[in-house]
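A.B. asks: Pasted the sequence and its predicted model underneath.
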Amino acid sequence: MIGIKVPKNSADRIRRVLLNHNIIKLDLKIKRVDDFVYIPLTKTPNKELMEELNVYEVNIVDTEFEIHTKGPKSLKDYLKDKIDNELIEEIKKSFDIIGEIVILEIPEEFDEYKYIIGEAALKFTKRQSVYRKTSKIKGIIRTRELEHLAGADNSITIHREFGNRFKLDVRKVYFSPRLATERRKLSQQVRDKEIIVDMFTGIGPFSISIAKEHTVKVYAIDINPDAYKYLKENIKLNKLKGTVIPLLGDVEEVLSGLNIKSDRIIMNLPGTAWSFLDIAVKSLKPGGVLHYYEFASEFQIPIDKIIETAYPRKVEVINRRKVKSKSPGVWHMGIDAIIY
């Protein structure tokens, strides 16, 4: 049986990641041998997930696992004979775990089942609180409405990611656990002594991930006062090699006031980042790197915007990737470009 061998001291973090990706074979028991834990899998992790997990020195193995004999072991088991299997599959796709909080997406036509689903998710994940999305992300402060379904009605939690801790209130700030691999990859590109601008930092996951590993100076900007509050808390919560400078306000006004030239700029606001490209390019040193994100159907759309805004400066695209799906045919895309 396929499994993953992980160091014992990282097992809980890895189990949470695998649970988020729904590839733990829950009818088999996790086993412990010496200083390692073996987790049974339903399939081999894809390349992106393996890159995320390899920081923990994991190995895919073929080994034997014992069968669980009692009690429900999956969300489907908890909901068996209560709701339709197709709905269960849809819920699993939109499952987000942020610290001790589970956030679900339940279509309105299944309102009558929402509390049943919430209780099942609470038991299945063994977290403290379950909420349901009741609106899209909206406004310049990027928040969404949530409905409490099960467990404690406490929307404040601490999320752990690659050794970092992020405190937040899921009702008041935006945070996506699905960008963990993206944050890790970006951090690995950074070199010591860089000056970096994180234009829409939120609670600081990109800034803190970078400053945790590198002796850099990061100007972390956000317009949401609640995000700014948690950004400052998270700077204190993590032991950083570099310096993160929290700044509250409109990105254009803040950058104009700072009048700095940066080695690297992060623009993770895929819905409207294009409207800030001009100020980003002006703030970037010749040879600096732009990390630009946009919702688009093809790579050339965001690339053309960067080239057009940067003209007459030259642009070299060094990486392009689909970070995650937004909707059918539309992706959250990432473009890394050097602006000369």
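C.D. replies: Everything's here; your move. Numbers count the residues shown, from 1 in each chain.
A.B. asks: show me where pLDDT drops low in the stretch 51-200 of the chain?
C.D. replies: Applying pLDDT under 70 to the stretch 51-200 of the chain flags the ranges 69-73, 91-93.
A.B. asks: And the helices in the protein, which stretches?
C.D. replies: With DSSP state H as the criterion, the chain has helices at 11-20, 47-53, 75-78, 85-93, 114-125, 180-189, 205-213, 225-237, 251-258, 277-282, 300-310.
A.B. asks: which of these sits most buried?
C.D. replies: Highest mean neighbour count among the helices of the chain (mean count of other C-beta atoms under 10 Å): helix 205-213, with a mean of 25. C-beta: built from backbone N, CA, C; applies to glycine.
A.B. asks: what angle separates that helix from helix 180-189?
C.D. replies: Here helix 205-213 points in a direction 40 degrees away from that of helix 180-189 (axes from the mean of the first three to the mean of the last three C-alpha atoms, to 10 degrees).
A.B. asks: coming back round to it: would you reformat the helices of the chain as CSV and include distance to residue 66?
C.D. replies: Below are the helices of the chain laid out as CSV (distance: least, C-beta to C-beta, whole Å):
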stretch, distance to residue 66
helix 11-20, 17
helix 47-53, 23
helix 75-78, 17
helix 85-93, 25
helix 114-125, 20
helix 180-189, 30
helix 205-213, 37
helix 225-237, 39
helix 251-258, 54
helix 277-282, 54
helix 300-310, 49
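A.B. asks: just so I know, which of those lies nearest residue 165?
C.D. replies: helix 225-237 (5.0 Å; C-beta to C-beta).
A.B. asks: name the helices or strands packed onto the closest one?
C.D. replies: Counting contacts by 3 or more C-beta pairs under 8 Å, 6 or more residues apart in numbering; DSSP states H and E, helix 225-237 packs against strand 164-169, helix 205-213, strand 217-222, strand 243-248.
A.B. asks: List of residues touching that helix?
C.D. replies: With contact meaning C-beta atoms under 8 Å, 6 or more residues apart in numbering, helix 225-237 is reached by 141, 158, 165-169, 172-174, 201-204, 207-208, 220, 222, 244, 246-248.
A.B. asks: could I have that helix exported to CSV, CA atoms only?
C.D. replies: The C-alpha trace of helix 225-237 is given here as CSV (Å, rounded to 0.1, in the frame of the first residue of the first chain):
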residue,chain,number,x,y,z
PRO,A,225,-6.9,48.2,9.5
ASP,A,226,-7.7,44.7,10.8
ALA,A,227,-5.1,43.1,8.5
TYR,A,228,-2.6,45.7,9.6
LYS,A,229,-3.4,44.9,13.3
TYR,A,230,-2.7,41.2,12.7
LEU,A,231,0.3,41.9,10.5
LYS,A,232,1.9,43.6,13.5
GLU,A,233,1.0,40.8,15.8
ASN,A,234,2.4,38.2,13.4
ILE,A,235,5.7,40.1,13.1
LYS,A,236,6.1,39.6,16.8
LEU,A,237,4.8,36.1,16.7
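A.B. asks: Next, the angle from it to strand 243-248.
C.D. replies: Going by the same axes, to 10 degrees, helix 225-237 makes 160 degrees with strand 243-248.
A.B. asks: just to revisit the earlier point, please convert the buried members of the contacts of helix 225-237 into PyMOL selection syntax.
C.D. replies: PyMOL command restricting the contacts of helix 225-237 to the buried ones, with burial defined by 16 or more other C-beta atoms under 10 Å:
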select buried, resi 141+166+167+168+169+172+173+174+201+202+203+204+207+208+220+222+244+246+247+248
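A.B. asks: thinking again about what came up before, redo the helices and strands packed on helix 225-237 as a markdown table? Include distance to residue 89.
C.D. replies: Output for these, formatted as a markdown table (distance: least, C-beta to C-beta, whole Å):
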| stretch | distance to residue 89 |
| --- | --- |
| strand 164-169 | 29 |
| helix 205-213 | 29 |
| strand 217-222 | 36 |
| strand 243-248 | 40 |
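A.B. asks: Can you tell me which of these is nearest to residue 283?
C.D. replies: Of the helices and strands packed on helix 225-237, nearest to residue 283 by C-beta to C-beta is strand 217-222, at 9.4 Å.
A.B. asks: Cross-check the contact I'm expecting between residue 148 and residue 133.
C.D. replies: No - contact criterion C-beta atoms under 8 Å: residue 148 and residue 133 do not qualify, at 12.0 Å.
A.B. asks: Nearest residue to residue 122 in space, please, no chain neighbours.
C.D. replies: residue 150 (4.3 Å; C-beta to C-beta, 6 or more residues apart in numbering).
A.B. asks: Tell me how many other residues crowd the one you found.
C.D. replies: For residue 150, the tally of surrounding residues (other C-beta atoms under 10 Å) stands at 23.
A.B. asks: Next up, the contacts around residue 83.
C.D. replies: Residues near residue 83 by C-beta under 8 Å, 6+ apart: 110, 113, 116, 117.
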